[in-house]
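Enquirer: give me the fold of what follows.
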Amino acid sequence: MYIIRKFYRGLRFMYYKMARIYSYIITSFKFYLNGVKFHRDFIGFGVPILDINMSGSFTIGEKFRFNSGKYHAMGGRQQQCYFVAAAGARLSIGNNVGITSVALICHDKISIGNNVKIGINTVIYDTDFHSLDATMRNSYPERLDGVKSRPVIIKDGAFIGGHSTILKGVTIGKNSIVGAGSVVFQDIPDEQIWAGNPARYIKDTYHIKTPQHQLVNE
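Expert: Down below sits the predicted model:
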């Protein structure tokens with residue numbers, strides 16, 4: 001039994017080694033086909049789903065890392081990453097950003113700053129998808145000319161916990177934290193922790209900052 005387990009572990013190790021290679025090759029090709037501007041130093045496990053309109057744009061900064069799919073995101077309710085930019089939409093990701101099984105659905109503008117971490121199964125929508133007017137929403141075919149979209153801005157250093165939903169028109173401040181499972185529909189100032197549905201202020205981030213001497217010792 002021990003030998004079988006060791007053999008199984010070895011197979012898993014080889015699979016993840018190969019996954020990084022094939023993920024990089026296939027994802028690079030999909031980026032190219034969708035007109036994505038990206039750096040060659042990204043690291044990916046799994047392959048994302050992309051739908052970038054010919055008049056939309058998607059840019060990715062340096063040192064981008066992502067996990068996509070059930071074998072590369074062992075956190076429950078995992079999915080492939082979705083990157084969608086509609087006609088005229090601008091989707092951008094800064095430097096040193098890490099994401100896992102997220103959906104970024106951009107109809108206007110989604111801007112993610114540098115050094116941002118976004119947890120598993122988080123979705124960011126800058127649009128309502130459907131009209132809030134019942135007459136337009138229930139017409140056949142459905143009328144979409146009244147659908148509202150507003151930019152979402154995630155500032156540098158923000159950390160969004162897994163299974164969160166970020167809605168249109170929201171700005172998340174520098175180094176702020178969104179607790180897991182939160183629904184955010186209003187702005188979060190810099191250096192604050194918010195959580196809940198709807199997300200509410202919990203405390204400032206300075207309460208959790210690591211003392212400088214500990215950083216030096218580590």
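Enquirer: I'd like the distance between residue 183 and residue 97.
Expert: Using Cβ to Cβ, to the nearest Å, residue 183 is found at 22 Å from residue 97. Every C-beta, even on glycine, is put in place using the N, C-alpha and C of the backbone.
Enquirer: who's more crowded, the two?
Expert: residue 97 (23 against 13; other Cβ atoms under 10 Å).
Enquirer: which residue is the nearest non-sequential neighbour of that one?
Expert: In space, and not counting its chain neighbours, residue 97 is closest to residue 116: 4.9 Å by Cβ to Cβ, 6 or more residues apart in numbering.
Enquirer: low-scoring stretches of this structure, by residue?
Expert: Scanning the chain for pLDDT under 70 picks out 7-8, 10, 12-13, 15-16, 71-76, 209-218.
Enquirer: which SS state does residue 21 fall under?
Expert: helix (DSSP: H, G, I helix; E, B strand; the rest coil).
Enquirer: burial of the closest residue to residue 82 other than its chain neighbours, as a residue count?
Expert: Nearest residue to residue 82 in three dimensions, chain neighbours excluded: residue 103, at 4.0 Å (Cβ to Cβ, 6+ apart). Burial of residue 103 is recorded as 18 neighbouring residues (other Cβ under 10 Å).
Enquirer: in this structure, which spans are helices?
Expert: 2-33, 134-137, 212-217 (DSSP state H).
Enquirer: list the buried ones in the shortest one?
Expert: When burial is assessed from 16 or more other Cβ atoms under 10 Å, helix 134-137 yields the following buried residues: residue 137.
Enquirer: before we move on, what about the longest one?
Expert: Under the neighbour-count criterion of 16+ other Cβ under 10 Å, helix 2-33 has 19, 23-24, 27, 30-31 buried.
Enquirer: that one: how far from the chain's middle?
Expert: The chain centre lies 22 Å from the centre of helix 2-33; the measure is Cα atoms, centre = their mean, to the nearest Å.
Enquirer: likewise the shortest one?
Expert: For helix 134-137, the separation from the chain centroid amounts to 31 Å (computed by Cα atoms, centre = their mean).
Enquirer: touching that helix from outside, list them.
Expert: The contact list for helix 134-137, computed with Cβ atoms under 8 Å, 6 or more residues apart in numbering, reads 130-131, 142-146.
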